[in-house]
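A.B. asks: structure, please.
(4 chains)
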Number of protein chains: 2
Amino acid sequence: MAGDQLSRVFAALADPTRRDMVARLAVGDATVGELADPYDVSVQAVSKHIKVLTDAGLVSQTKDAQRRPCHLEAEVFDLMTKWIERYRHQAQERYERLDTVLAEMRGEEQSTHHREQGAAS
Amino acid sequence: MAGDQLSRVFAALADPTRRDMVARLAVGDATVGELADPYDVSVQAVSKHIKVLTDAGLVSQTKDAQRRPCHLEAEVFDLMTKWIERYRHQAQERYERLDTVLAEMRGEEQSTHHREQGAAS
DNA sequence: CCGTTCTTCAACCAAGTGGTTGACAACGGC
DNA sequence: GCCGTTGTCAACCACTTGGTTGAAGAACGG
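C.D. replies: Have a look, this model is predicted:
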């Protein structure tokens, strides 16, 4: 069901067209029609894309007569960045730890206590 | 077809189970069976998830007898982070510029040159 | 050599997705 | 008050996806 927001955000950005729209909206707000212009798909399709982005919290829409200007909500990016950075750092540290261990092993060569730092825990 | 890597990475991480696996792999390498253990789905399903992660470049597998230890590839994260940061900053700057303009408008009130900083370019 | 373990491949199924077209609601211009 | 513009909703279609089961391949342990 992909219920949580993080899933929705990642899923929303998995589509190149939607990433493109985000790039466009980063420059400035735009109406649905303006967003649809560069692509040769129907306006309805674009409307659906915007709905996906809105549901993910990446975009908000306001009312301006019959137009619906779309606005990029930058805060949601932090959610992703936090998730990414968390595991990237975790993995990075692990490599460094591994490097340290390898360095130790190189230094001590055939010492008595070369700890196993291989696959699983 | 969602061909490019960025699409594959985002799509891969759009699934909570796969994000969970990445979290697990950030702690240390694990075999397919070990990864499958916490979930009550078939091993085949997990194998498919790993294939998705591998195709996205997030995970690599090595051979250890009949086991296939999975290893997290942290570099791909940078691809995402770069994309995200690019547009986040772009949007951020726009807000700051808008704030400046609003401040100017507040200061000069009905001046002759209030530049249009509204919707499209 | 044979059985067991670990993993993947193949076929299938229900549900979701991105696209289409058609209808319709809302609003401004005339 | 009508008409064109703008956007969404609904139904439909082809394709993908996450899951299943069954079979098969690859490597260890007798």
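
A.B. asks: hey, let's count contacts and neighbours off CA atoms from now on
C.D. replies: Fine.

A.B. asks: show the pLDDT at the spatially closest residue to residue A:70 that is not a sequence neighbour.
C.D. replies: Excluding the flanking residues, the one nearest residue A:70 by C-alpha to C-alpha, 6 or more residues apart in numbering or on different chains is residue A:61, at 4.6 Å. The model reports residue A:61 with a pLDDT of 96.

A.B. asks: tell me the contacts of residue A:61?
C.D. replies: A:54, A:68-71 (C-alpha atoms under 8 Å, 6 or more residues apart in numbering or on different chains).

A.B. asks: now do residue A:89, the pLDDT please.
C.D. replies: Reported pLDDT for residue A:89: 88.

A.B. asks: please state the offset of stretch A:64-74 from the chain centre?
C.D. replies: 22 Å (C-alpha atoms, centre = their mean, to the nearest Å).

A.B. asks: endpoints of that stretch, how far apart?
C.D. replies: 22 Å (C-alpha to C-alpha, to the nearest Å).

A.B. asks: mind listing residues that contact that stretch?
C.D. replies: Against stretch A:64-74 from outside (C-alpha under 8 Å, 6+ apart): A:22, A:25-26, A:28-32, A:57-63, B:88, B:91-92, B:119.

A.B. asks: if we use 10 Å, what do you get?
C.D. replies: By C-alpha atoms under 10 Å, 6 or more residues apart in numbering or on different chains, the surrounding residues in contact with stretch A:64-74 are A:21-35, A:50, A:53-54, A:57-63, B:84-85, B:87-92, B:119-120.

A.B. asks: try stretch A:10-18
C.D. replies: A:2, A:5-6, A:8, A:19-24, A:39, A:46, A:49-58, A:80, B:1-15, B:84.

A.B. asks: in helices, which of those residues fall?
C.D. replies: Of the positions in the contacts of stretch A:10-18, A:5-6, A:8, A:19-24, A:46, A:49-55, A:80, B:5-13, B:84 sit in helices, assigned by DSSP state H.

A.B. asks: how about the helix or strand bottoming out on mean pLDDT in chain A: buried residues?
C.D. replies: Ranking every helix and strand in chain A by mean pLDDT, DSSP states H and E puts helix A:75-108 at the bottom, with a mean of 82. Residues of helix A:75-108 classed as buried: A:76-77, A:80, A:84-85, A:87-88, A:90-92, A:101 (neighbour count, 16 or more other C-alpha atoms under 10 Å in any protein chain shown).

A.B. asks: ditto for stretch A:34-41
C.D. replies: Buried, per 16+ other C-alpha under 10 Å, within stretch A:34-41: A:34-36.

A.B. asks: check contacts around the residue of chain A found nearest DNA strand D.
C.D. replies: Ranked by C-alpha to the nearest atom of the strand, the top residue of chain A for proximity to DNA strand D is residue A:33, at 3.2 Å. Counting by C-alpha under 10 Å, 6+ apart, residue A:33 touches A:42-44, A:46-47, A:67-69.
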